[in-house]
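# model the following, please.
(3 chains)
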Amino acid sequence: MGRAPCCEKMGLKRGPWTPEEDRILVAHIERHGHSNWRALPKQAGILRCGKSCRLRWVNYLRPDIKRGNFTREEEDAIIHLHHMLGNRWSAIAARLPGRTDNEIKNVWHTNLVKRLEPKPSSQANAAPKRKPKKLQPEAVTVDGPITVPVSPEQSLSTSTTMASSLENAGSFTSEEFQIDDSFWSEMRAMTVDSSGSGMETEDGAFGADGPSPQATNDDMDFWLKLFVQASDTQILLQI
DNA sequence: AATGAGGGCAACCGCCAGCCG
DNA sequence: TCGGCTGGCGGTTGCCCTCAT
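Residues are numbered from 1 along each chain as shown, chains lettered A, B, ... in the order given. Predicted coordinates:
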């Protein structure tokens, strides 16, 4: 079958979206929905291909998208989910309300990969060459092993379903495994208890030396233990 | 103040799976 | 059952911004 012609072959616009294009797209979707992405640009009067419109909407214009920096909890969740799901960014994004797969993918490749890379000992304590582009006001790092989100709404405060990831790990179903706001409170409290596990450190979730294979196993154990412990108050587990 | 390097992120590309006629 | 169409996904690219020199 023939591949659909791309934007440039059809004389359609490419590249960054203008505010005007954004406005038209949002207005059209709010009015008519997006039942057919291919027909949408023509109906809305946008000189873009449907794919481009969809991407723009999904990754940027959707009203439920949470802009701004990732909290430490979110980053830890990404690391954990990636550990279980691999590069299934959409599956990971589905468990992080307000975050898109593209955003998570970017964060993974720009921040978290480095965070998880084993650091050479000579550089382990070296100052970063560059300062972070943006500060993260919503994540307060303290001297101890704990980080505390300032705003629950900016962490994973909305009801977060981690069911599918756990389904992949086995034993759980969507209906049986729901995490709500207090989950992270539980987690933080337990993080203090399990400070010996090396999960949370000032430098990162896996300790300043990065994850050794053993650390990776410990990480898995940590999360499993965490889920089981949390089940007393918030989570129903059926094993 | 100028400039080169590096990082972050939006957008594109190409493939795949599912739906429908 | 088959082929075409569409939406969705993951990988990659390239521009722009920031920082160090």
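
# tell me the SS of A:Ile46?
Put simply, A:Ile46 is coil when judged by DSSP: H, G, I helix; E, B strand; the rest coil.

# neighbours around A:Arg99, how many?
Per other Cβ atoms under 10 Å, the neighbour tally for A:Arg99 reads 22. Bear in mind the C-beta positions are built from the backbone N, C-alpha and C, glycine included.

# can you pull the contacts of it?
A:Ile65, A:Lys66, A:Phe70, A:Glu74, A:Ala93 (Cβ atoms under 8 Å, 6 or more residues apart in numbering).

# closest to DNA strand C out of the residues you listed?
Of all the contacts of A:Arg99, DNA strand C sits closest to A:Ala93, with 7.2 Å by Cβ to the nearest atom of the strand.

# need the nearest residue in space to that closest one, chain neighbours excluded.
Spatial nearest neighbour of A:Ala93, excluding adjacent residues (Cβ to Cβ, 6 or more residues apart in numbering): A:Asp101 at 4.1 Å.

# contact partners for that neighbour?
Contacts of A:Asp101 (Cβ under 8 Å, 6+ apart): A:Trp89, A:Ser90, A:Ile92, A:Ala93.

# repeat that for A:Lys51.
A:Trp37.

# where does it land in three-state SS?
Three-state call for A:Lys51 (three-state DSSP): helix.

# and it, what's its pLDDT?
A:Lys51 carries a pLDDT value of 90.

# kindly report the same for the one 3 residues further on.
At A:Arg54 the predicted local confidence, pLDDT, stands at 91.

# count of neighbours near it?
Neighbour count for A:Arg54, taken as other Cβ under 10 Å: 17.

# spatially nearest residue to it (excluding sequence neighbours)?
Distances taken as Cβ to Cβ, 6+ apart place A:Trp37 nearest to A:Arg54, at 4.5 Å, with adjacent residues excluded.

# quick one, domains of chain A?
The record's domain split for chain A, according to automatic domain parsing, is A:9-61, A:72-122+A:139-230.

# out of these, which gets the lowest mean score?
It's domain A:72-122+A:139-230: among the domains of chain A, that one has the lowest mean pLDDT, namely a mean of 54.

# next up, phi/psi of A:Pro63, please.
phi -70, psi -20 (degrees, to the nearest 10).

# from A:Gly15, how far out is it?
24 Å (Cβ to Cβ, to the nearest Å).

# tell me which helix or strand A:Arg23 sits in.
Using DSSP states H and E, A:Arg23 maps to helix A:19-32.
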